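S.K.: need a structure here:
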Amino acid sequence: MLFYGIDYHAKICGENHGAGLDFSNRPQLYYYDPTSALSQPTFSLSTLKSVCITGCPAAYVPYGDLMNIIGLAATSYQALVLTESYQMYINTSKYFYCDYYKYAKNESQLDLIDPSTGEALTDWSVQYFHLLSDELKTSSLTPGQGPCYPVYLIMEDFLNRCFPSIPPELQEWFSSSSPPPPGVTSGSSSSSSPLSYDDLKSWINALTDARSYLQDYVTDIYKAWAGILVCGVMGGMLLSLVWMVVLRYFAGCMAWTTVLLVNLLFIVITCLCAVKAGFIGSSAVGQTLEQEIVAGVTDTSEEDKKYFEIAMYLFIVLTGLIFLFTLLMIKRIKIAVACLKVASQAVGSMPSILFFPVVPFCFSLAVIAWFIVVSAALYSAGDLSEAEGGGYQLEWNDSLRYMMMYHLFGYLWCMQFIEGFGLMVIAGAVATFYWTRGDTSKMPFSPVLSSARRTLRYHLGSIAVGSFIVAVIQFVRLVLEYVDRKTKELQEGNPVLKFFMYCIKCCMWYLEKVMKFINRNAYILVAVKGTSYCSSALRAVKLILSNALRLAAVNTVGDALTWLGKVVVALGAGMLMFLLSDADIYTDPESKWYLSSPLLPILLSMLIAFFIASIFFQVYEMAVDTILLSFCEDCQQTDEQPEYAPQLLLDAIGQSRPNPKVAPGISK
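M.R.: Just a heads-up that it's a prediction; the model follows:
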């Protein structure tokens with residue numbers, strides 16, 4: 001079932017079903033009546049008419065001939081039978097495929113004899129057009145009528161399924177403004193005519209355009225692969241490293257500039273509202289604002305002035321609060337900037353940590369591949385049966401359903417476990433830098449390997465507990481999503497039920513975010529102190545609550561600068577690819593590397609660079625969190641007199657280093 005298709009009558013191609021039904025020499029699935037998709041309320045391949053055949057059709061009825069035959073059939077049957085085209089196609093079956101004779105003979109009242117054997121046609125025959133009566137042959141020439149159906153297009157084999165390939169003459173026919181052949185009317189389809197000329201023309205045009213664009217884009221990517229590799233991969237790595245160097249030396253300037261701009265923005269908005277409300281106008285300042293800032297803006301009406309007056313008072317309050325908040329957060333913003341700089345120092349002292357995320361990423365890919373393979377196997381293990389009204393359906397017993405649920409939960413748990421392992425290894429390596437006061441001579445030869453060894457030896461149980469809790473929450477969210485989909489109709493008639501379902505889903509989403517945040521900090525303390533998960537999580541919550549403003553400042557400044565870094569790296573890679581795509585090798589039509597459009601290579605370079613920057617800055621963000629939580633733990637143990645903080649952090653809080661002591665805590 002995974003490698004072969006399933007036909008319209010729930011038979012698997014390429015298999016021997018026994019009882020005289022041997023499809024082992026029929027591996028390809030062919031959709032013989034594509035017009036049946038037009039009668040479906042929602043498109044589904046399982047209900048599209050299809051049969052199993054030995055190989056995809058190699059011959060097809062040229063569209064011009066087909067349309068001429070249809071046109072004559074609609075006007076004069078006598079003229080039709082005399083045409084050369086009609087005589088050529090009705091005497092052979094290679095241009096036509098039919099439903100299995102077993103089903104067609106009952107539906108169309110057929111009683112056909114195989115001329116080669118003189119016996120009745122076998123039940124599973126699919127090419128018997130030449131044996132039909134003249135009336136049924138004519139009916140078969142009309143799309144959607146049957147019992148046999150012409151091959152409209154060239155067919156190509158893809159995963160044992162026959163898919164259409166638009167022939168050149170058909171592309172030319174539909175790309176022109178040619179009118180429909182005689183007897184074929186324009187307009188949309190109706191019950192008497194399942195497929196009109198206009199319907200078919202628009203469908204073919206859309207398919208042709210999509211295929212053409214896809215081929216061009218794929219070709220452009222293939223031709224520009226070297227540029228994408230250089231700009232997207234190497235450029236993304238280089239620009240990410242450059243941005244971390246920029247943060248190391250200019251984080252303070254960038255942070256304070258951002259804070260200043262936010263305050264100025266609110267002041268300007270307040271002034272604009274005051275001008276529009278008429279509170280500023282007669283003074284020199286008001287005239288300047290009107291001339292320089294709101295020039296060209298139409299005068300406001302009396303009613304609008306009331307709204308602008310309300311907005312002015314609102315922004316006065318907000319501006320005052322933001323200004324007071326800025327004054328309150330000055331010291332904490334200094335600490336946030338210092339944490340960013342120390343994190344840059346820590347990452348710079350162990351460059352291999354930047355490439356460590358590749359390890360959990362590879363494990364994640366392996367788990368995803370395993371999940372897909374096992375899910376496909378479980379899906380195909382269901383009972384195959386013919387659906388009512390045609391097509392097939394799969395049904396699973398309770399054992400298979402429980403296995404699917406078990407497999408899904410295992411996937412969620414494994415993914416969270418791998419993520420937790422990566423976070424703890426990074427936290428342990430960066431914590432080594434903090435608790436040795438930033439003295440690289442006191443650090444192990446490879447802090448990353450040392451942290452990985454400690455994690456594997458002592459902390460896998462803590463990771464398993466934390467990842468299990470998050471996996472349970474994610475599984476509950478998936479169950480709620482399933483219930484929500486199944487009760488859509490019931491919710492539409494009951495707004496209260498819909499409201500409660502929405503609230504529950506939002507609460508579970510928020511709970512997952514909170515739990516991931518607690519896990520992140522708990523893993524840091526597990527790596528630093530070597531305590532169990534539960535005690536580390538409890539300790540982390542206490543530190544978070546007692547240092548909420550510090551954490552808010554660091555997270556706000558850090559998230560803003562790292563997000564800005566991702567955008568800058570992606571835009572930089574896109575700019576490099578844009579400049580490279582302007583080279584002669586890509587713009588010369590005679591070159592084999594000529595690009596029809598540089599758009600997709602540029603976008604792909606930006607996407608790859610953004611992904612690489614996300615990996616690099618994930619390490620950086622974890623380093624910042626580890627430095628901050630270690631600093632909070634250090635302050636908590638020594639009554640706000642940190643003993644092990646690197647010099648940059650001490651300078652930020654205006655303290656000198658006390659008498660050195662032995663670090664209490666990297667877990668050995």
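
S.K.: alpha carbons only for contacts and neighbour counts from here, please
M.R.: Noted.

S.K.: list the buried ones in stretch 259-276?
M.R.: Judged by neighbour count using 16 or more other Cα atoms under 10 Å, the buried positions of stretch 259-276 are 259, 263, 266, 267, 269, 270, 271, 272, 273, 274, 275, 276.

S.K.: okay, how far is it across stretch 585-596, tip to tip?
M.R.: 12 Å (Cα to Cα, to the nearest Å).

S.K.: what comes into contact with it?
M.R.: Contacts to stretch 585-596, defined as Cα atoms under 8 Å, 6 or more residues apart in numbering, come from residues 216, 220, 223, 224, 581.

S.K.: One more: stretch 624-639?
M.R.: By Cα under 8 Å, 6+ apart, stretch 624-639 touches 339-340, 342-343, 427, 430-431, 434-435, 521, 524-525, 528, 543, 547, 551, 554, 558, 640-645.

S.K.: Over to stretch 549-569?
M.R.: 236, 239-240, 243, 255, 329, 332-333, 335-337, 339-340, 544, 609-610, 613-614, 617, 621, 624, 628.

S.K.: thinking again about what came up before, out of the contacts of stretch 624-639, which sit inside helices?
M.R.: In this view, the contacts of stretch 624-639 that belong to helices under DSSP state H are 339-340, 342-343, 427, 430-431, 434-435, 521, 524-525, 528, 543, 551, 554, 558.

S.K.: Now pLDDT, secondary structure and distance to residue 466 too, for the buried residues of stretch 259-276, in CSV please.
M.R.: Listed next are those as CSV, based on pLDDT from 0 to 100; DSSP: H, G, I helix; E, B strand; the rest coil; distance: Cα to Cα, whole Å:
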residue, pLDDT, secondary structure, distance to residue 466
259, 81, helix, 36
263, 85, helix, 40
266, 87, helix, 42
267, 89, helix, 45
269, 85, helix, 46
270, 86, helix, 47
271, 85, helix, 50
272, 82, helix, 50
273, 81, helix, 50
274, 83, helix, 53
275, 79, helix, 55
276, 75, helix, 55
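
S.K.: can you tell me which residues contact residue 575?
M.R.: Counting by Cα under 8 Å, 6+ apart, residue 575 makes contact with residue 602.

S.K.: host element of it?
M.R.: helix 548-581 (DSSP states H and E).

S.K.: Let me know the next secondary structure element after that helix.
M.R.: Under the assignment DSSP H and E, the closest C-terminal helix or strand after helix 548-581 is helix 584-587.

S.K.: Quick check: mean pLDDT of whichever helix or strand comes after that following helix?
M.R.: Per DSSP H and E, the first helix or strand lying C-terminal to helix 584-587 is helix 599-637. Mean per-residue pLDDT for helix 599-637: 87.

S.K.: Quick check: next helix or strand after helix 599-637?
M.R.: Following helix 599-637 in sequence, per DSSP H and E, is helix 647-653.

S.K.: Would you state the strands of the stretch 301-450 of the chain in chain order?
M.R.: Taking DSSP state E, counting those that start in this stretch as the test, the strands found in the stretch 301-450 of the chain are 383-386, 392-395.

S.K.: For the last one, name the packing helices and strands.
M.R.: When you say that, I think you mean strand 392-395. Applying 3 or more Cα pairs under 8 Å, 6 or more residues apart in numbering; DSSP states H and E, we find strand 392-395 packed against strand 383-386.

S.K.: What pairs with the strand it packs on, parallel or antiparallel?
M.R.: Applying DSSP bridges, strand 383-386 is found paired with strand 392-395 (antiparallel).

S.K.: Burial check on residue 378, number of neighbours?
M.R.: Neighbour count of residue 378, defined by other Cα atoms under 10 Å: 16.

S.K.: That one against residue 402, yeah?
M.R.: No: judged on Cα atoms under 8 Å, residue 378 makes no contact with residue 402 at a distance of 10.6 Å.

S.K.: ok so, going back, generate a PyMOL selection restricted to the buried subset of the contacts of stretch 624-639.
M.R.: The PyMOL selection below is limited to those of the contacts of stretch 624-639 classed as buried (16+ other Cα under 10 Å):
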select buried, resi 339+340+342+343+427+430+431+434+435+521+524+525+528+543+551+554+558+641+642+643+644+645
